[in-house]
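Peer 1: Structure of the sequence below:
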Amino acid sequence: MASRPSASSRTLCCSPPPQPALAWALAAEVHFHIPLIPPGCDDSEPVNNRELQRPGKMGNAKSLSSQKMGSKFLPEEQAESHVKEALPPVMVTRLYKGMWRVKAIHKAQGGKRNVSREQFTVFLSHLLKGSFEEKGRMVMKMILTAEGPVTARDVQKFTEELVTSVVHVLTHRHELRGWTGRKSTVSPISVHAMAAQLLSEMKFQGKYGHKFRGPQCLDQVCDQAVIEDWVFHVPHVGLFLSVVIHRGLCLLNSSVDLSTLVPERHVDKGQPFESILDVLPVIYLNSHLATDQQHRWRLLFSTQLHGQSFSQLCSRITHQGPCLVVLEDRDGYVFGGFASRSWEVKPQFQGDNKCFLFSITPSMATYTYTGYNDHFMYLNHGQQTMPNGLGMGGQHHYFGLWVAADFGKGHSKAKPTCTTYNSPQLSAQEDFQFDKMEVWGLGDVLETCLVKNKKSILDSDPAAQSLLEISGRTRHSEGLREVPEEDD
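Peer 2: Numbering: from 1, shown residues only. As a prediction, this is how the structure comes out:
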């Protein structure tokens, strides 16, 4: 259980220059009080209301006038004015109400709607550093409504606002790490899909304890135990709240590591590129990767940049380490797979049980290894007796995900699910057509990948070397270059 900071301690401060959003933390009073900024004042220098109230000073009439003007605004409206554009107003209001609902020994001065320093510190310490029970209680205080018991519909609204706020504050702080452009404005579809994915792990109380199954569950009552269990099983809820608070209020000594939340996007310079993915599915997929794969995504192949060519695809994605394959079919469905090993062109299955398939649109979900077979990855080209294309899961001619060598066509077959990954049909149609495909290398380029890419086919394929010798042709490069050494 996190230790509760003393009510008088000043645990928070702003990074220079001071920003009005952090007047919450900079107030000199023992109680929590948001100083107001009269019109015409520099909003980077919050006015101390204690100074405004001090008699016998020049400009006192103007100060009193400003104070009188400020008294017309509710505390939550004052909070919103100080946070400015860093957070959406709805999230500022939720933060304020969450603080205001914390029971405190010392009441706030200046009115019953003010928030005391004690309420402020207890709320943030429990939300950021508390146990799952403490975090759950603070989340419930943010969700509570005056209309009656909290329902799944209320939680859905809160979740969508939380997801929107994360994108909003990362955009405002210029911390999207390259995932900008047209897709930097996240679509409502992505927000809804991410929120629905987070809600899908909510488990209701009762005899059967069923999970959230969609719109038919929206009127289900959610008590404190449900919210606490949800926060425990869905780490993204606590993580997103940390991002909103740390980046929205500019807390120093932030423990939020954005490099594992949003990977750095790396695309070759001089190539304008608009990804299929916006930042929300990137965050979602990144959370399912190993730590050493989360900090950077490298674009290996894109139909937008490299054309609709299967040979280009093969040449650009082989020997590149783990990667993500992403497609968008002509019906707008976005889906793909994670390859845990380097792709190799060969007529056998490859990979391991860390591979998975995923869906992004119309819903976000991942589908992992079932143990039924080891048909994780398949990549073949130029063979007459074996299927030519890229596949993941299932079996020949019946893949969970298949991209044909006759580029632009594929299939996703599952009746009812893929045997390898337990995935449903990922595309809108079982046999689909597509124009957009991307493959992202994950993490840093491995030295072994660089060595393999430098090798001649005559070094890596002894059969090709023998064929050249049988045909009577001379290897003109023999003795003129060094063959890269293999790692032990």
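Peer 1: now the strands for the stretch 151-300 of the chain?
Peer 2: 264-266, 296-302 (DSSP state E, counting those that start in this stretch).
Peer 1: Can you give me the neighbour number for Pro272?
Peer 2: 8 (other C-beta atoms under 10 Å). No exception for glycine: its C-beta is placed from N, CA and C like everyone else's.
Peer 1: picking up where we left off before, I'd like the strands of the stretch 151-300 of the chain laid out as a markdown table, including mean neighbour count and mean pLDDT.
Peer 2: As requested, the strands of the stretch 151-300 of the chain are exported to a markdown table (neighbours: other C-beta atoms under 10 Å; pLDDT from 0 to 100):
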| stretch | mean neighbour count | mean pLDDT |
| --- | --- | --- |
| strand 264-266 | 17 | 95 |
| strand 296-302 | 22 | 97 |
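Peer 1: of those strands, which approaches Arg137 most closely?
Peer 2: strand 264-266 (35.9 Å; C-beta to C-beta).
Peer 1: In contact with Asp223, which residues are there?
Peer 2: Pro149, Val150, Gln205 (C-beta atoms under 8 Å, 6 or more residues apart in numbering).
Peer 1: If you could redo that for Gly410, that was the one I meant.
Peer 2: Counted by C-beta under 8 Å, 6+ apart, Gly410 has contacts Leu327, Gly389, Leu401, Trp402, Val403, Ala404, Ser427, Asp431, Phe432, Gln433, Phe434.
Peer 1: which secondary structure elements does the helix or strand hosting Arg137 contact?
Peer 2: With secondary structure defined by DSSP states H and E, Arg137 is part of helix 132-143. On a contact count with 3 or more C-beta pairs under 8 Å, 6 or more residues apart in numbering; DSSP states H and E, helix 132-143 meets helix 89-100, helix 117-129, helix 152-172, helix 224-233, helix 235-248.
Peer 1: let's see it at 6 Å
Peer 2: Contacts defined by 3 or more C-beta pairs under 6 Å, 6 or more residues apart in numbering; DSSP states H and E place helix 132-143 against helix 89-100, helix 117-129, helix 224-233.
Peer 1: got the contact list for that helix?
Peer 2: 94, 98, 101, 123, 126-127, 150, 154, 158, 224, 227-228, 231-232, 238 (C-beta atoms under 6 Å, 6 or more residues apart in numbering).
Peer 1: quick revisit: looking at the contacts of Gly410, which has the most residues close by?
Peer 2: Going by other C-beta under 10 Å, Leu401 tops the contacts of Gly410 with 28 neighbours.
Peer 1: can you list the domains in the protein?
Peer 2: As assigned by automatic domain parsing, the chain contains the domains 1-130, 146-285, 288-447, 459-488.
Peer 1: for those domains, which one ends up most surrounded?
Peer 2: Each of the domains of the chain was scored by mean neighbour count; the highest is domain 288-447, a mean of 19, by mean count of other C-beta atoms under 10 Å.
Peer 1: for that one, the distance to its chain's centre please.
Peer 2: Distance of domain 288-447 from the chain centroid (C-alpha atoms, centre = their mean, to the nearest Å) equals 21 Å.
Peer 1: nearest to Thr164, of the helices and strands packed on helix 132-143?
Peer 2: Closest to Thr164 of the helices and strands packed on helix 132-143 is helix 89-100 (C-beta to C-beta; 8.0 Å).
Peer 1: now for the closest one, which elements pack on it?
Peer 2: Short answer (3+ C-beta pairs under 6 Å, 6+ apart): helix 89-100 packs on helix 75-83, helix 117-129, helix 132-143, helix 152-172.
Peer 1: what about 10 Å?
Peer 2: The contact analysis (3 or more C-beta pairs under 10 Å, 6 or more residues apart in numbering; DSSP states H and E) places helix 89-100 against helix 23-26, helix 75-83, helix 117-129, helix 132-143, helix 152-172, helix 235-248.
Peer 1: Can I get the last one as PDB, trimmed to CA atoms?
Peer 2: As requested, C-alpha coordinates have been extracted for helix 235-248 and formatted as PDB (Å, rounded to 0.1, in the frame of the first residue of the first chain):
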ATOM      1  CA  PRO A 235      -3.100  -2.400 -16.800                       C
ATOM      2  CA  HIS A 236      -3.900   0.100 -19.600                       C
ATOM      3  CA  VAL A 237      -6.400   1.800 -17.300                       C
ATOM      4  CA  GLY A 238      -3.800   2.700 -14.700                       C
ATOM      5  CA  LEU A 239      -1.200   3.400 -17.400                       C
ATOM      6  CA  PHE A 240      -3.500   5.800 -19.300                       C
ATOM      7  CA  LEU A 241      -4.400   7.700 -16.100                       C
ATOM      8  CA  SER A 242      -0.700   8.000 -15.300                       C
ATOM      9  CA  VAL A 243       0.000   9.500 -18.700                       C
ATOM     10  CA  VAL A 244      -3.000  11.900 -18.400                       C
ATOM     11  CA  ILE A 245      -1.900  13.100 -15.000                       C
ATOM     12  CA  HIS A 246       1.900  13.200 -15.500                       C
ATOM     13  CA  ARG A 247       1.700  14.800 -19.000                       C
ATOM     14  CA  GLY A 248      -1.400  16.800 -18.400                       C
END
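Peer 1: how much space is there between the residue nearest to Ala404 when sequence neighbours are not counted and Leu280?
Peer 2: Using C-beta to C-beta, 6 or more residues apart in numbering and skipping residues adjacent in sequence, the residue nearest Ala404 is Gly389, 4.5 Å away. Remark: distance between Gly389 and Leu280 (C-beta to C-beta, to the nearest Å) = 30 Å.
Peer 1: Out of the helices and strands in this structure, which is least certain?
Peer 2: None of the helices or strands of the chain scores lower by mean pLDDT, DSSP states H and E than helix 49-52, at a mean of 32.
Peer 1: which residues touch Phe123?
Peer 2: Applying C-beta atoms under 10 Å, 6 or more residues apart in numbering, we find Phe123 in contact with 95-96, 98-102, 104, 115, 130, 137-138, 141-142, 245.
Peer 1: let's go with 6 Å and repeat that
Peer 2: For Phe123, the contacting residues are Gly98, Met99, Val102, Met138, by C-beta under 6 Å, 6+ apart.
Peer 1: which stretches of the stretch 51-200 of the chain have low pLDDT?
Peer 2: Residue ranges of the stretch 51-200 of the chain with pLDDT under 70: 51-84, 107-111, 181-185.
Peer 1: Surely Gly441 is in a helix?
Peer 2: No: Gly441: not assigned to a helix; according to DSSP: H, G, I helix; E, B strand; the rest coil it is strand.
Peer 1: which non-adjacent residue is nearest it?
Peer 2: Arg298 (4.0 Å).
Peer 1: Can you tell me who the one you found pairs with across the strands?
Peer 2: His266, Gly441 (DSSP bridges).
Peer 1: pretty sure it contacts Arg265?
Peer 2: No: using C-beta atoms under 6 Å, Arg298 is not in contact with Arg265; the gap is 8.7 Å.
Peer 1: coming back round to it: now intersect the contacts of Gly410 with the strands, please.
Peer 2: Within the contacts of Gly410, residues falling in strands by DSSP state E are Leu327, Gly389, Leu401, Trp402, Val403, Ala404, Asp431, Phe432, Gln433, Phe434.
Peer 1: So which of those residues is the closest to Gln312?
Peer 2: Closest to Gln312, out of all of those and judged by C-beta to C-beta, is Val403, at 12.7 Å.
Peer 1: beta partners of the closest one?
Peer 2: Per DSSP bridges, the residues bridged to Val403 are Leu390, Gly410.
Peer 1: before we move on, the earlier item: is it possible to get TSV of the helices and strands packed on helix 89-100 that adds distance to Val334?
Peer 2: TSV is the format used below for these (distance: least, C-beta to C-beta, whole Å):
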stretch	distance to Val334
helix 23-26	40
helix 75-83	33
helix 117-129	33
helix 132-143	30
helix 152-172	17
helix 235-248	19
